[in-house]
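[1] Here is my input, please return the structure:
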Amino acid sequence: MEGQTLILGVTGGAGAGKSRVLKYMEEMYGAYLILCDDVGAGLQRKGEACYGPIADLFGPEYLLEDGELNRKKIAMAVFDDPGLLKKLTDIVHPAVRQRVKEEIEAHAGRKLIVIEAALLLDDHYDEICDEIWYIYAPEEVRRQRMKADRGYSDERIDELFRTQRKEESFRALTDLTIDNSSDIIQNTCRQIDRALEERGFFPESGQGGVREDQDPARGL
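    Now for the predicted structure:
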(Lines give C-alpha, C1' and ligand atoms only; values in the text may rest on other atoms or scores of the structure.)
Protein backbone atom coordinates (compact mmCIF):
# COMPACT_ATOMS: atom_id res chain seq x y z
CA MET A 1 0.00 0.00 0.00
CA GLU A 2 3.01 2.30 -0.14
CA GLY A 3 2.05 5.62 -1.67
CA GLN A 4 -1.63 4.71 -1.73
CA THR A 5 -4.60 5.44 0.50
CA LEU A 6 -6.46 2.53 2.06
CA ILE A 7 -10.13 3.34 2.52
CA LEU A 8 -11.36 0.98 5.18
CA GLY A 9 -14.96 0.48 6.27
CA VAL A 10 -15.72 -0.66 9.80
CA THR A 11 -19.12 -2.06 10.74
CA GLY A 12 -20.79 -4.34 13.24
CA GLY A 13 -23.73 -4.62 15.57
CA ALA A 14 -24.53 -2.27 18.45
CA GLY A 15 -22.26 -2.89 21.42
CA ALA A 16 -19.63 -4.73 19.40
CA GLY A 17 -17.00 -2.14 20.31
CA LYS A 18 -16.41 -0.35 17.02
CA SER A 19 -15.29 2.78 18.86
CA ARG A 20 -12.51 0.81 20.55
CA VAL A 21 -11.15 -0.29 17.18
CA LEU A 22 -11.45 3.19 15.67
CA LYS A 23 -9.68 4.86 18.58
CA TYR A 24 -6.79 2.41 18.37
CA MET A 25 -6.32 2.91 14.63
CA GLU A 26 -6.49 6.68 15.03
CA GLU A 27 -3.97 6.81 17.89
CA MET A 28 -1.52 4.16 16.69
CA TYR A 29 -1.79 4.41 12.89
CA GLY A 30 -2.86 8.02 12.34
CA ALA A 31 -6.11 6.96 10.68
CA TYR A 32 -8.48 9.70 9.59
CA LEU A 33 -11.93 8.74 10.92
CA ILE A 34 -15.26 9.42 9.26
CA LEU A 35 -18.17 8.54 11.56
CA CYS A 36 -21.34 8.39 9.50
CA ASP A 37 -23.62 9.05 12.49
CA ASP A 38 -21.74 12.27 13.21
CA VAL A 39 -21.83 13.24 9.54
CA GLY A 40 -25.59 12.66 9.47
CA ALA A 41 -26.14 14.71 12.61
CA GLY A 42 -24.14 17.58 11.14
CA LEU A 43 -26.10 17.53 7.91
CA GLN A 44 -29.35 17.93 9.86
CA ARG A 45 -28.31 21.22 11.45
CA LYS A 46 -29.87 24.46 10.28
CA GLY A 47 -28.37 25.57 6.98
CA GLU A 48 -27.08 22.11 6.05
CA ALA A 49 -28.30 19.90 3.22
CA CYS A 50 -30.80 17.75 5.13
CA TYR A 51 -32.34 20.44 7.33
CA GLY A 52 -34.88 21.87 4.87
CA PRO A 53 -36.22 18.56 3.53
CA ILE A 54 -36.59 17.12 7.05
CA ALA A 55 -38.25 20.28 8.38
CA ASP A 56 -40.70 20.14 5.46
CA LEU A 57 -41.39 16.44 6.09
CA PHE A 58 -42.15 16.76 9.81
CA GLY A 59 -43.43 20.32 10.12
CA PRO A 60 -42.77 23.21 12.54
CA GLU A 61 -43.86 21.21 15.61
CA TYR A 62 -40.62 19.23 15.25
CA LEU A 63 -38.38 22.28 15.61
CA LEU A 64 -36.71 23.50 18.79
CA GLU A 65 -36.95 27.09 19.97
CA ASP A 66 -33.70 27.98 18.21
CA GLY A 67 -35.01 26.55 14.94
CA GLU A 68 -32.91 23.41 14.99
CA LEU A 69 -34.56 20.04 14.38
CA ASN A 70 -35.83 18.24 17.45
CA ARG A 71 -34.01 15.04 16.55
CA LYS A 72 -35.15 13.23 19.69
CA LYS A 73 -38.81 13.90 18.86
CA ILE A 74 -38.21 12.87 15.24
CA ALA A 75 -36.58 9.61 16.39
CA MET A 76 -39.64 8.85 18.51
CA ALA A 77 -41.96 9.61 15.58
CA VAL A 78 -40.23 7.20 13.19
CA PHE A 79 -39.71 4.41 15.75
CA ASP A 80 -43.05 2.71 15.01
CA ASP A 81 -43.60 4.10 11.52
CA PRO A 82 -41.51 2.27 8.88
CA GLY A 83 -42.90 4.42 6.09
CA LEU A 84 -41.90 7.66 7.78
CA LEU A 85 -38.52 6.19 8.70
CA LYS A 86 -37.89 5.35 5.04
CA LYS A 87 -38.73 8.91 4.00
CA LEU A 88 -36.24 10.19 6.59
CA THR A 89 -33.46 7.81 5.57
CA ASP A 90 -34.07 8.60 1.90
CA ILE A 91 -33.18 12.19 2.77
CA VAL A 92 -30.26 11.55 5.10
CA HIS A 93 -28.40 8.53 3.74
CA PRO A 94 -27.64 9.82 0.21
CA ALA A 95 -26.47 13.12 1.67
CA VAL A 96 -24.21 11.34 4.14
CA ARG A 97 -22.75 9.22 1.38
CA GLN A 98 -22.01 12.33 -0.71
CA ARG A 99 -20.39 14.10 2.25
CA VAL A 100 -18.27 11.01 2.96
CA LYS A 101 -17.00 11.09 -0.62
CA GLU A 102 -16.13 14.77 -0.19
CA GLU A 103 -14.27 13.99 3.04
CA ILE A 104 -12.28 11.28 1.30
CA GLU A 105 -11.32 13.65 -1.50
CA ALA A 106 -10.37 16.36 0.99
CA HIS A 107 -8.05 13.97 2.84
CA ALA A 108 -6.64 12.09 -0.13
CA GLY A 109 -3.12 12.50 1.22
CA ARG A 110 -3.83 10.39 4.27
CA LYS A 111 -2.57 6.81 4.16
CA LEU A 112 -5.47 5.32 6.10
CA ILE A 113 -9.07 6.56 6.04
CA VAL A 114 -11.60 4.65 8.14
CA ILE A 115 -15.36 4.98 7.63
CA GLU A 116 -17.64 3.70 10.38
CA ALA A 117 -21.36 3.00 10.26
CA ALA A 118 -23.68 0.20 11.30
CA LEU A 119 -25.31 0.38 7.84
CA LEU A 120 -22.22 0.36 5.63
CA LEU A 121 -23.39 -2.81 3.90
CA ASP A 122 -26.99 -1.68 3.47
CA ASP A 123 -25.88 1.63 1.97
CA HIS A 124 -23.39 -0.06 -0.41
CA TYR A 125 -20.22 1.50 0.97
CA ASP A 126 -18.39 -1.43 -0.58
CA GLU A 127 -18.47 0.77 -3.69
CA ILE A 128 -16.42 3.40 -1.82
CA CYS A 129 -14.24 1.30 0.49
CA ASP A 130 -11.29 -0.87 -0.50
CA GLU A 131 -12.23 -3.27 2.30
CA ILE A 132 -14.91 -3.59 4.96
CA TRP A 133 -14.09 -5.10 8.35
CA TYR A 134 -16.68 -6.64 10.65
CA ILE A 135 -16.22 -6.01 14.38
CA TYR A 136 -17.64 -9.06 16.12
CA ALA A 137 -18.80 -9.75 19.65
CA PRO A 138 -21.47 -12.29 20.65
CA GLU A 139 -24.92 -11.00 21.50
CA GLU A 140 -24.57 -11.68 25.23
CA VAL A 141 -21.36 -9.63 25.42
CA ARG A 142 -22.94 -6.82 23.42
CA ARG A 143 -25.98 -6.90 25.71
CA GLN A 144 -23.82 -6.62 28.83
CA ARG A 145 -21.86 -3.71 27.36
CA MET A 146 -24.96 -1.74 26.36
CA LYS A 147 -26.47 -2.23 29.79
CA ALA A 148 -23.30 -1.17 31.59
CA ASP A 149 -22.13 1.65 29.29
CA ARG A 150 -25.40 3.06 27.93
CA GLY A 151 -27.98 2.03 30.51
CA TYR A 152 -30.12 0.30 27.88
CA SER A 153 -32.96 -1.98 28.96
CA ASP A 154 -33.34 -5.54 27.69
CA GLU A 155 -36.37 -4.42 25.71
CA ARG A 156 -34.43 -1.71 23.89
CA ILE A 157 -31.54 -4.06 23.21
CA ASP A 158 -33.92 -6.72 21.86
CA GLU A 159 -35.36 -4.14 19.47
CA LEU A 160 -31.87 -3.19 18.28
CA PHE A 161 -30.97 -6.81 17.70
CA ARG A 162 -34.16 -7.38 15.69
CA THR A 163 -33.37 -4.52 13.32
CA GLN A 164 -29.70 -5.32 12.71
CA ARG A 165 -27.98 -7.86 10.50
CA LYS A 166 -27.16 -11.27 11.88
CA GLU A 167 -23.58 -12.42 12.38
CA GLU A 168 -23.68 -14.77 9.37
CA SER A 169 -24.68 -11.92 7.06
CA PHE A 170 -21.93 -9.62 8.35
CA ARG A 171 -19.30 -12.33 7.94
CA ALA A 172 -20.46 -13.24 4.45
CA LEU A 173 -20.38 -9.67 3.14
CA THR A 174 -17.19 -8.32 4.74
CA ASP A 175 -13.51 -8.88 4.04
CA LEU A 176 -12.23 -9.48 7.56
CA THR A 177 -13.64 -10.22 11.01
CA ILE A 178 -12.05 -8.68 14.11
CA ASP A 179 -13.10 -10.58 17.24
CA ASN A 180 -13.71 -7.97 19.91
CA SER A 181 -15.31 -10.30 22.44
CA SER A 182 -12.65 -9.88 25.12
CA ASP A 183 -12.53 -7.03 27.60
CA ILE A 184 -8.73 -7.26 27.35
CA ILE A 185 -8.03 -4.71 24.64
CA GLN A 186 -4.66 -6.22 23.74
CA ASN A 187 -6.49 -9.22 22.25
CA THR A 188 -8.25 -6.93 19.79
CA CYS A 189 -5.20 -4.78 19.09
CA ARG A 190 -3.09 -7.76 18.08
CA GLN A 191 -5.63 -8.68 15.41
CA ILE A 192 -5.64 -5.13 14.07
CA ASP A 193 -1.83 -4.95 14.06
CA ARG A 194 -1.57 -8.23 12.19
CA ALA A 195 -4.17 -7.26 9.59
CA LEU A 196 -2.70 -3.80 8.96
CA GLU A 197 0.85 -5.13 8.80
CA GLU A 198 -0.27 -7.55 6.07
CA ARG A 199 -1.50 -4.47 4.19
CA GLY A 200 1.75 -2.56 4.64
CA PHE A 201 0.82 -0.41 7.63
CA PHE A 202 2.80 -0.09 10.85
CA PRO A 203 2.13 1.91 14.04
CA GLU A 204 3.40 5.46 13.82
CA SER A 205 5.06 5.00 17.21
CA GLY A 206 7.03 2.07 15.82
CA GLN A 207 5.44 -0.26 18.33
CA GLY A 208 2.37 -2.43 18.01
CA GLY A 209 -0.03 -3.24 20.79
CA VAL A 210 -1.83 -1.09 23.31
CA ARG A 211 -0.07 1.44 25.49
CA GLU A 212 0.56 0.40 29.08
CA ASP A 213 -1.42 3.38 30.43
CA GLN A 214 -4.53 2.62 28.39
CA ASP A 215 -7.54 1.27 30.26
CA PRO A 216 -8.41 -2.18 28.80
CA ALA A 217 -12.12 -1.55 29.25
CA ARG A 218 -12.11 1.93 27.68
CA GLY A 219 -14.09 2.66 24.54
CA LEU A 220 -16.38 -0.35 24.47
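[2] how many other residues sit next to the closest residue to Y152 other than its chain neighbours?
    In this structure, Y152 finds its nearest non-sequential neighbour in M146, 4.3 Å apart by Cβ to Cβ, 6 or more residues apart in numbering. Heads up, the C-betas are built off the backbone N, CA and C, glycines and all. Neighbour count for M146, taken as other Cβ atoms under 10 Å: 19.
[3] ok, M146 touching E159?
    No: using Cβ atoms under 8 Å, M146 is not in contact with E159; the gap is 11.5 Å.
[4] list the helices and strands the lengthiest helix in the chain packs on?
    Taking DSSP state H as the criterion, the chain has its longest helix at helix 82-106. If you count contacts as 3 or more Cβ pairs under 8 Å, 6 or more residues apart in numbering; DSSP states H and E, helix 82-106 packs onto strand 32-35, helix 36-43, helix 51-58, helix 71-79.
[5] So for the third one, what gets flagged as buried?
    Within helix 51-58, the residues that qualify as buried by neighbour count (16 or more other Cβ atoms under 10 Å) are 51, 53-55, 58.
[6] Quick check: what element follows the helix or strand bottoming out on mean pLDDT in the chain along the chain?
    When the helices and strands of the chain are compared on mean pLDDT, DSSP states H and E, helix 154-163 comes out lowest with a mean of 91. Moving toward the C-terminus from helix 154-163, the first helix or strand encountered (DSSP states H and E) is helix 167-173.
[7] May I see the buried residues of that next one?
    By neighbour count on 16+ other Cβ under 10 Å, the buried set for helix 167-173 is 167, 170.
[8] Stretch 172-189 now?
    Counting neighbours by 16+ other Cβ under 10 Å, one finds that the buried residues in stretch 172-189 are 174, 176-178, 180, 185, 188-189.
[9] So which of the residues you listed sit within strands?
    The members of the buried residues of stretch 172-189 that map onto strands under DSSP state E are 176-178.
[10] Looking at those, which is nearest K23?
    Comparing these against K23 with Cβ to Cβ places I178 closest, at 13.4 Å.
[11] Next one: R145 from S182, what distance?
    Using Cβ to Cβ, to the nearest Å, one obtains 12 Å as the distance from R145 to S182.
[12] before we move on, back to that, for the ones in strands among the buried residues of stretch 172-189, give me CSV that also has pLDDT and distance to Y62.
    Shown next, in CSV, are those (pLDDT from 0 to 100; distance: Cβ to Cβ, whole Å):
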residue, pLDDT, distance to Y62
L176, 98, 40
T177, 98, 40
I178, 97, 38
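[13] quick one: contacts for I192?
    Neighbour list for I192: 21, 24-25, 178 [criterion: Cβ atoms under 8 Å, 6 or more residues apart in numbering].
[14] circling back to that earlier point, now the buried residues of stretch 172-189 in CSV, with distance to D66?
    CSV is the format used below for the buried residues of stretch 172-189 (distance: Cβ to Cβ, whole Å):
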residue, distance to D66
T174, 41
L176, 44
T177, 44
I178, 41
N180, 39
I185, 40
T188, 41
C189, 42
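[15] farthest-separated two in those residues?
    T174 and I185 (21.4 Å).
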